[in-house]
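A.B. asks: Everything below, folded, please.
(one chain, ligands or ions: 1)
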Amino acid sequence: MEYIKNRFYEKAMKDMADLQKLRKDHGDVVLGQVTIDQVLSGMKGIPALLTETSKLDANEGIRFRGYSLPELQEKLPKLDVEGEPLPEGLFYLMMIGEIPEKEDVINISKDWATRSHVPQHVFDVIDALPKNSRPMTQFSTAILSMAYDSVFQKAYRAGVNKKFYWDFMYEDVMTLIARLPRIAAYIYRRIYHNGHHIEPNPSLDWAGNLAHMMGYDSVEVKRLLRLYMVIHADHEGGNVSAHATHLVGSALSNAYYSFAAGMVGLAGPLHGFANQEVMSWMEEMLIELETDEPSDAQIAAYIEKTLLQGRVVPGYGHAVLRITDPRFTVQQTFAEKYIVNDKLINTVNAIYRVAPPILEATGKIKNPWPNVDAFSGALLNHYGITESNFYTVLFGVSRSLGVLASLVFDRVYGLPIERPNSQTMDWFLAKAGIPRPE
Ligand code: HAX
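C.D. replies: The predicted structure follows:
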């Protein structure tokens, strides 16, 4: 499948010319002001990263190389007309910037199937962890344990010229992505199915094989996981998992180290772990209310109580978005199309009716609308994947597509080590003109 790599390189080299011009001739162009509030609110809104794979608009949501999610559902190649696009096609789009042909997508599927063998030591490392350690701990440990195999690291040690770094990074990235479904499924079967593992089926696509190895061979679950792998794949470069992967990669750490860093970031409750928190929060609510069909008034009271306790309502709010997350809407539409009367999904929809005005009324929550995590757990649960502690691992498998594609860009563009400036409290006070007592 060398032609995909070559196509990527050709395209990236054209963009590289622009990048060089930007740095050389326009490096002193001012991009904007940075305020104290921006720095102290988590660097929000400061244009500080170059990410090609996707762009997030606060009032519109995510676009992958210019395409919205509904557009991708229409345009990216599928296995069958009624199905969901294959994540392989999204990966191609993020890397090359063009909608692939079906043949390209099938070739990526085949490439990943060829690379998907997971060395025994990775399973041994997973098995050495307590079975009840968090799935994300097992997942990120397994990823780190593969650094041993990094061809980038070997090439670096051998003194390869830096203009070839991207090539070795590409190889690591493709191998790492290829192995993740097997690793995720291994962790799933280890924890929830007494270690009765299921061998991969190399004739299946990447997400279909993940469903298969987890023990779900139905058309419905494969379709859901294809959708799931597409919608979680990327959210421009500033989110914690993407930024952490990029930052660690900027030290020329290999793809395994970099992605493991991204995954431990994803495991935080304000980021990818929120998909599990949504399920726990809803479960606690239903237990407390002693019903699986809560009324809007009951839900409203429970949200008020959550806020009074100084807790967040998981699945709501966003650091960038100021609308209902299109990833939420895409899942809602999927549920409307395929699912009739699921009580948990009805509750998710009821929360969507009730929560935004309550969150808005606090006057401090900038985005009272649901994000991707508000819906995803209920969908998985509907199809029998009820083990919510595992949900962030599925998010992580998907997120590999965007953040690892970006890592190849980082190396082909030769982006330098990242090293922003930090200041002391005295400096900020002085900038604000506030004298500090001796
Ligand atoms: N419930 C209660 N309070 C919330 C809230 C929510 N859903 N969302 C924001 N707030 C609070 C913040 O905690 C903050 O409070 P303080 O001023 O007391 O510290 C205040 O409102 C302002 O926050 P913000 O500027 O609106 O939001 P941030 O950019 O700081 O944070 C978060 C964005 C997504 C982290 C936030 O909305 C949140 O905690 N949401 C709940 C957790 C969640 O769903 N996370 C997943 C986000 C999507 C994602 O990354 N998925 O992987």
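A.B. asks: Can you name the residue of the stretch 51-200 of the chain nearest to the ligand?
C.D. replies: L56 (10.9 Å; C-beta to the nearest ligand atom). (C-beta placed from N, C-alpha, C; glycine too.)
A.B. asks: cool, and the stretch 301-438 of the chain?
C.D. replies: Taking C-beta to the nearest ligand atom, the stretch 301-438 of the chain has G317 as its residue nearest the ligand, at 2.1 Å.
A.B. asks: wait, isn't that residue in contact with N367?
C.D. replies: Yes - the pair G317 and N367 passes the contact test of C-beta atoms under 8 Å, sitting 5.2 Å apart.
A.B. asks: secondary structure element for I187?
C.D. replies: helix 165-192 (DSSP states H and E).
A.B. asks: This protein against the ligand: which residues are in contact?
C.D. replies: 239, 270-272, 274, 307, 312-319, 364-367, 371-373 (C-beta under 6 Å from any ligand atom).
A.B. asks: Show the buried residues in those.
C.D. replies: Listed as buried from the residues of the chain next to the ligand are 239, 271-272, 274, 307, 312-319, 365, 367, 371-373; burial here means 16 or more other C-beta atoms under 10 Å.
A.B. asks: Against which helices or strands is the helix or strand containing I126 packed?
C.D. replies: Here I126 sits within helix 120-128, counting by DSSP H and E. Packing partners of helix 120-128 (3 or more C-beta pairs under 8 Å, 6 or more residues apart in numbering; DSSP states H and E): helix 135-145, helix 165-192.
A.B. asks: tilt between the first one and helix 165-192?
C.D. replies: When axes from the mean of the first three to the mean of the last three C-alpha atoms, to 10 degrees is applied, the directions of helix 135-145 and helix 165-192 differ by 140 degrees.
A.B. asks: Give the other helices and strands that helix 135-145 contacts.
C.D. replies: Going by 3+ C-beta pairs under 8 Å, 6+ apart, helix 135-145 lies up against helix 120-128, helix 165-192, helix 255-266, helix 391-412.
A.B. asks: which SS class is I62?
C.D. replies: Secondary structure, DSSP: H, G, I helix; E, B strand; the rest coil: I62 is strand.
A.B. asks: How much space separates it from E438?
C.D. replies: Separation of I62 from E438 (C-beta to C-beta, to the nearest Å) stands at 50 Å.
A.B. asks: between those two, which one's more packed in?
C.D. replies: Using other C-beta atoms under 10 Å, the more surrounded residue of I62 and E438 is I62, with 24 against 3.
A.B. asks: Return the residues in contact with the more buried one.
C.D. replies: Listed by C-beta atoms under 8 Å, 6 or more residues apart in numbering, the contact set of I62 reads 54-56, 68-69, 234-236, 326-327.
A.B. asks: returning to what we had before: please identify the buried residues of the helix holding I126?
C.D. replies: For helix 120-128, a neighbour-count test (16+ other C-beta under 10 Å) marks 122-123, 125-126 as buried.
A.B. asks: Which of the three states applies to L56?
C.D. replies: Using three-state DSSP, the structure places L56 in strand.
A.B. asks: Around S376, count how many other residues there are.
C.D. replies: 28.
A.B. asks: how about it, secondary structure?
C.D. replies: When classified by three-state DSSP, S376 comes out as helix.
A.B. asks: looking at it, it is touching E277, isn't it?
C.D. replies: No - between S376 and E277 there is no contact under C-beta under 8 Å: 11.7 Å.
A.B. asks: Show me where the stretch 301-438 of the chain has its helices.
C.D. replies: For the stretch 301-438 of the chain, the helices defined by DSSP state H, counting those that start in this stretch cover 326-338, 343-361, 373-382, 391-412, 425-431.
A.B. asks: Show me the shaky parts of the stretch 301-438 of the chain.
C.D. replies: Counting by pLDDT under 70, the stretch 301-438 of the chain contains no low-confidence segment.
A.B. asks: In CSV: the helices and strands packed on helix 135-145, plus distance to E82.
C.D. replies: Formatted as CSV, the helices and strands packed on helix 135-145 follow (distance: least, C-beta to C-beta, whole Å):
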stretch, distance to E82
helix 120-128, 36
helix 165-192, 23
helix 255-266, 31
helix 391-412, 21
